[in-house]
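A.B. asks: got a predicted model here, sequence first, then my questions.
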Amino acid sequence: MSNLDKKFQTDEFLLGVCYYPEHWPETIWDDDFRRMKEMGINTVRMGETAWNVMEPEEGKYDFSLFDRALELCERYGLKVILGTPTYAPPAWLTERYPEVLRVDFRGAVMQHGSRRHYNYTSPVYWRLCEGIVNALIGHYKSHPLVIGWQIDNELNCHSDTSFADSDHDAFRSWCHKKYRKLETLNEAWGTAFWAQTYTSWSQIYLPRPTVTYHNPSHLLDFYRFTSDSAIRFAKLQYKIIKEAAPHQFATHNGIFGNIDYRPFTEQTVDFLSYDSYPTFQLMRDDLPVKEKDRLSGKHLSKVRGYSSKYLILEQQAGPGGQTGNGLNNDRGDYLQVAPKPGQIRLWTWQSIAHGADGVLYFRWRTCPYGAETLWHGLNDYGNQPNRRLDEAARIAEETRRLSSLIVGTSVRATALILTDYDNDSNCKIDRHTGFEYWRSEENIYLALSCRHIGVNVLDLKALAEEGVLDGVNLIFIPNAQLLEPKEIEQLENFALEGGTVVFGPRSGYKNRNNHAHQLPFPGVLRQLAGISVEDITMVTDPANQRIQFTEGQAKNAPTLHEVLRPERETVEVLARYTEDYYAGAPAITCSPTGKGAIVYCGTFFTLDNVNALLDMLMTKDGFSPWGNLPSEAEVVYRIDTEQQLYAIVLNYSANSLNLELKHPLFDCLNEQHLYDTHVLEPYGIRWLKLS
């Protein structure tokens, strides 16, 4: 089955809230559920925080509190998504079985008193998780309100590694299963360097504190093992759910570090879900554009790359914040800015536009105690009326009215950004350039989005799936350092048929063991790109970080420069370096390939050099057939089964924007025809039917 077939399937758009009955006096439950129903909420998520309630003593299960909560949900016609409560084991468990606790790299045990303090490999924790999950699923597998399950909660949030004794044991077994022979492992890790050769399996550990640099190939397997451990843990619960309740869906709310979500989606869920908090983007001071929250679209597009339709199990409902980290010097407390009037609605429609057929707000009411008293829900403590509730009620009316249009259409894109777990992991190993690869990915997305071009973010392996390249004419793969010859074939075929593929710096120079190919740079891409790399240097002086395009002004080119040399007469130089001993040397080249082209960029992508490159490639504004739209607005294109095309327009600006139409279009959201010049209000949304 294709990952893109692992999607949420529903006949009705779900609009919901996260509600935790164990946090509130039972006397207010009825009023809470009644008000949810009255404002248009149809779904409630609960359960993932309550292992201590469901199993107050080992082996003694009590679901009566949730039975009573579900009785009220039934009274008010609310669907229910239940979470397995394994992300926060109770105090009795960690006291009795301290071996289940997570251990950090320096050997410090992560004690009870927060969350996510367990490790994925403890046999004891597996046994206890099997117990609570089996009991919970068995109790609710036939309940008419329970439509699905969330497995655990935000796997790898806060901490995405563990070094407990059971983790070292599991890694040793993982390596033995993968390599079978120590000779094979030694070759794969290149242990001839620094006399690291292993002569017994007992010598194999996860990376441990060392005097200096770790072995990069060892680290790469560590990241793979870390992902596989999370997948194996989630798969345990998925198997229990699907064997007992195949009619109820199972999902998980990613995306976090050190999990390869392609095999995760294949093996552990019916579809992947996501938690969307755009104010984390607003907190950043390193983004080059003021419309920072539009970058959440890249994360949503990445989720869509694993499941074409999905759920948002936590959607921002107010300013977020957490407190209580004063003793953890590596983490700080924070309080985010409040969403401005209209932004909660904007972010909800952003999620819908990018593929969410259900959105649940976190949370119904702000919690009065614990580390998240600063994390605001739709309601404040006293249940007083507020603008957040008013926005949610408006969204409920809109999504109810457009429900069939939302669930009956899917996203259509003409550009791809390709990612890869091994290459992402290598960014953490090669930290001197690693962040620049991630920033390049963001800059590419923003440049395309500002040109109103539809973008999908896909795993490199997804290219093998049927239909993935339908309608696509442009592919960016900014980070392809680890690449094998066989992985190039589909990209070459795409170019031969008329597409353009753009590679980033250092592409193709290492294999999947993290060894450099014994080839001139760019390694396995040399023949396809039609170039070689004469020189490579880090660039620390901002005055030297410039390239000049053959058409246009000089643009930024940060951190690293590869000096390129065309090896075929047909290779065109698009940009040259302007400074230092290699001034005038090629920086970006384009090699005609069949009906298309292969572009190689010898430096990292910035917003301005991507825009200049798109100009050189004559990439038009995606909305130009229908009108002119300022860059502050995003356009997400959707198509129905009858091939009717739509455009959802999202204004991320605090200012009104002019939408200049070439011919009248109908706005399905506001049920009006738009003519000539139309004003799009601050944080406004339009769902346009394109003729």
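C.D. replies: Structure's in. What do you need?
A.B. asks: give me the neighbour count for residue 128.
C.D. replies: Taking other CB atoms under 10 Å as the criterion, the count of residues near residue 128 is 23. C-beta here means a position set from N, CA and C on the backbone, and glycine is covered the same way.
A.B. asks: settle this for me: residue 473 is touching residue 502, isn't it.
C.D. replies: No. Applying CB atoms under 8 Å, one finds residue 473 not in contact with residue 502, separated by 11.9 Å.
A.B. asks: compare those two (neighbour count), which wins?
C.D. replies: residue 502 (25 against 16).
A.B. asks: quick one: strands adjacent to the least confident helix or strand in the chain by mean pLDDT?
C.D. replies: In the chain, the helix or strand scored least confidently by mean pLDDT, DSSP states H and E is strand 334-335, which has a mean of 90. Using DSSP bridges, strand 334-335 pairs in its sheet with strand 321-322 (antiparallel).
A.B. asks: quick check: mean pLDDT across the strand it pairs with?
C.D. replies: Regarding strand 321-322, the rounded mean pLDDT is 92.
A.B. asks: residues in contact with it?
C.D. replies: With contacts defined as CB atoms under 8 Å, 6 or more residues apart in numbering, strand 321-322 is touched by 333-336, 371-372, 374-376.
A.B. asks: quickly find the element holding residue 274.
C.D. replies: Take DSSP states H and E as the rule and residue 274 turns out to sit in strand 271-276.
A.B. asks: for that strand, what is the average pLDDT?
C.D. replies: Per-residue scores along strand 271-276 average to 98.
A.B. asks: can you dump the C-alpha atoms of it in CSV for me?
C.D. replies: The C-alpha trace of strand 271-276 is given here as CSV (Å, rounded to 0.1, in the frame of the first residue of the first chain):
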residue,chain,number,x,y,z
PHE,A,271,-2.8,7.5,8.9
LEU,A,272,-0.5,10.1,10.5
SER,A,273,-1.9,13.1,12.4
TYR,A,274,-0.3,16.3,13.6
ASP,A,275,-0.3,19.0,16.3
SER,A,276,-0.3,22.5,14.8
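A.B. asks: list the helices and strands that strand packs on?
C.D. replies: When contacts are defined as 3 or more CB pairs under 8 Å, 6 or more residues apart in numbering; DSSP states H and E, strand 271-276 packs onto strand 249-254, helix 261-268, helix 296-304, strand 310-316, helix 343-353.
A.B. asks: hmm, 6 Å instead?
C.D. replies: strand 249-254, strand 310-316 (3 or more CB pairs under 6 Å, 6 or more residues apart in numbering; DSSP states H and E).
A.B. asks: quick check: angle from that strand to helix 343-353?
C.D. replies: Interaxial angle, strand 271-276 versus helix 343-353 (axes from the mean of the first three to the mean of the last three CA atoms, to 10 degrees): 160 degrees.
A.B. asks: residues in contact with strand 271-276?
C.D. replies: 6-8, 251, 253-254, 265, 303, 306-307, 310-315, 351 (CB atoms under 6 Å, 6 or more residues apart in numbering).
A.B. asks: so where's this protein uncertain?
C.D. replies: The model of the chain has pLDDT under 70 over residues 1-4, 329-331.
A.B. asks: report the longest helix in it, please.
C.D. replies: In the chain, taking DSSP state H as the definition, the longest helix is helix 216-244.
A.B. asks: so how far is that one off the chain centroid?
C.D. replies: Centroid displacement of helix 216-244 relative to its chain, using CA atoms, centre = their mean, to the nearest Å, is 17 Å.
A.B. asks: ok and it relative to helix 261-268, angle-wise?
C.D. replies: Between helix 216-244 and helix 261-268, the angle comes out at 30 degrees (the same axes, to 10 degrees).
A.B. asks: buried set for helix 216-244?
C.D. replies: 216-238, 240-242, 244 (16 or more other CB atoms under 10 Å).
A.B. asks: again with stretch 15-26
C.D. replies: Residues 15-21, 23-24 are the ones in stretch 15-26 that count as buried (16+ other CB under 10 Å).
A.B. asks: ends of that stretch, how far apart?
C.D. replies: End-to-end span of stretch 15-26 (CA to CA, to the nearest Å): 24 Å.
A.B. asks: and stretch 300-309, end to end?
C.D. replies: Terminal-residue distance, stretch 300-309 (CA to CA): 11 Å.
A.B. asks: a markdown table for the contacts of strand 321-322, including distance to residue 272 and neighbour count?
C.D. replies: Output for the contacts of strand 321-322, formatted as a markdown table (distance: CB to CB, whole Å; neighbours: other CB atoms under 10 Å):
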| residue | distance to residue 272 | neighbour count |
| --- | --- | --- |
| 333 | 30 | 13 |
| 334 | 27 | 14 |
| 335 | 30 | 14 |
| 336 | 25 | 20 |
| 371 | 26 | 16 |
| 372 | 24 | 17 |
| 374 | 28 | 17 |
| 375 | 23 | 22 |
| 376 | 26 | 26 |
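A.B. asks: which of the residues you listed sits closest to residue 37?
C.D. replies: residue 376 (22.1 Å; CB to CB).
A.B. asks: what sits up against stretch 157-177?
C.D. replies: Outside stretch 157-177, the residues within contact range by CB under 6 Å, 6+ apart are 102-103, 105, 116, 119, 121-122, 185, 201, 204-206, 225-226, 256-258.
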